[in-house]
Every structure is written in C-alpha cells, then in structure tokens.
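Q: take a look and give me a structure for this.
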Amino acid sequence: MIGIMADTHDNLNAVRQAVALFKNAGCDLVIHAGDFVAPFAARELAKAGCPVKAVFGNCDGEKKGLAAAIQPFGEIREAPFKFKYNKINVLVTHLNARVASYAGQKKHDLIIFGHTHETEIRKIGATLIINPGETGGWLSGKSTVALFDPETGDARIIGV
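A: As a prediction, this is how the structure comes out:
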C-alpha cells in the first residue's frame, strides 16, 4: 500500500493523523507531493516506518532544511520526480500545469500531484492520476490523503 499526501502546510496534527493512518494501513511507501513548508513538519513522516519520496512545492522555501530532515528516511527532489516502484512507473510533481502532458507521454503508470488543494482520482488513457487534496486542511477545512494499492490499482481518498 502507498500513502499519498500533499499540501500539509505545517499542520502537525493533520500530518500525525495521516502518518497514523498510513501506518495502520500497512503502507510500505509514503509519497508527498509538495508544500511541507517547514522541516519540523517533514520530520513527522519518519514515524510512518517506511521510506518517503517527495517533491518540493511552491511554498517550500527552506529546501536545504527539508532535504536534511527527510534524508534519514527518504528523499525529496525538484519536480518532476520519476521513479519505479515495483513495476509501476511513477511521476510525482507539485504543480498541476503539466499533468495532462505527462500523461500524454504514455511513460507513467501513476502521476501524483498537489497544489490545487482539491482531491482528484482520474485516468488519462492507462495513466492513473491522483491528487490527495490538502492534508493540512487550511483552505477547505478538510484534511485528506489517498491510499493506492499497487497490487489492484485501486485508489481512494480518505479524510484524516
């Protein structure tokens, strides 16, 4: 199981709830699609007990601090971050502007993005696209994450 989050914006309570949910769901990978904001929020992801892969968002100004905070249990990069998980080609980005273009390349099985603070699960061709919404919940009042099962290809949005 993969736990997916974005736009945590320093909401420690929401991050802790998401981490507990990921741990209870047996996630063996957590993906963060940007906008941690500060390193102290990123450190909470260590408690998930699995690797973390993340990208910087437009509100992540303290990049060196974020990289240092995540380095012991994962990695954070500039978007787009492309990697293979099992046999799944994954692309993680923060901004939504190029999502359709990335899907049109037909190179990625799964594209994860954030930035809009709105949940979304859809397909473009064979590519599954997931925006977990805003884990921080500051704009909508709803803190959300997504779970993706790489075995079945099923994804769902969950409130935290």
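Q: where along the chain do the helices fall?
A: 12-24, 39-43, 63-70, 99-104 (DSSP state H).
Q: check the average confidence over the longest one, would you?
A: Averaged over helix 12-24, pLDDT sits at 98.
Q: where do the strands sit along the protein?
A: 2-5, 29-32, 52-55, 74-77, 81-85, 88-92, 110-112, 119-124, 127-132, 144-148, 155-159 (DSSP state E).
Q: now for those, which one comes closest to Gly61?
A: Judged by C-beta to C-beta, the one of the strands of the chain that comes nearest to Gly61 is strand 74-77, at 13.4 Å. The C-beta positions use only the backbone N, C-alpha and C, and glycine is treated the same way.
Q: show residues contacting that closest one.
A: Strand 74-77 is contacted from outside by 30, 32, 42, 45, 51-56, 66-67, 70, using C-beta atoms under 8 Å, 6 or more residues apart in numbering.
Q: can you pull the buried residues of that strand?
A: In terms of neighbour count (16 or more other C-beta atoms under 10 Å), strand 74-77 has its buried residues at 74, 76.
Q: got any ranges where the protein has weak pLDDT?
A: Within the chain, no stretch has pLDDT under 70.
Q: centroid residue for it?
A: Nearest to the geometric centre of the chain sits His32, at 2.7 Å (C-alpha atoms, centre = their mean).
Q: please name the nearest non-neighbouring residue to Lys142.
A: Gly159 (6.2 Å; C-beta to C-beta, 6 or more residues apart in numbering).
Q: Leu12 contacts Arg43, correct?
A: No. Using C-beta atoms under 8 Å, Leu12 makes no contact with Arg43, being 9.9 Å away.
Q: out of these two, which sits in the busier spot?
A: Arg43 (18 against 14; other C-beta atoms under 10 Å).
Q: show me what contacts the more buried one?
A: Counting by C-beta under 8 Å, 6+ apart, Arg43 makes contact with Ala69.
Q: against Phe22, how distant is it?
A: Using C-beta to C-beta, to the nearest Å, Arg43 is found at 15 Å from Phe22.
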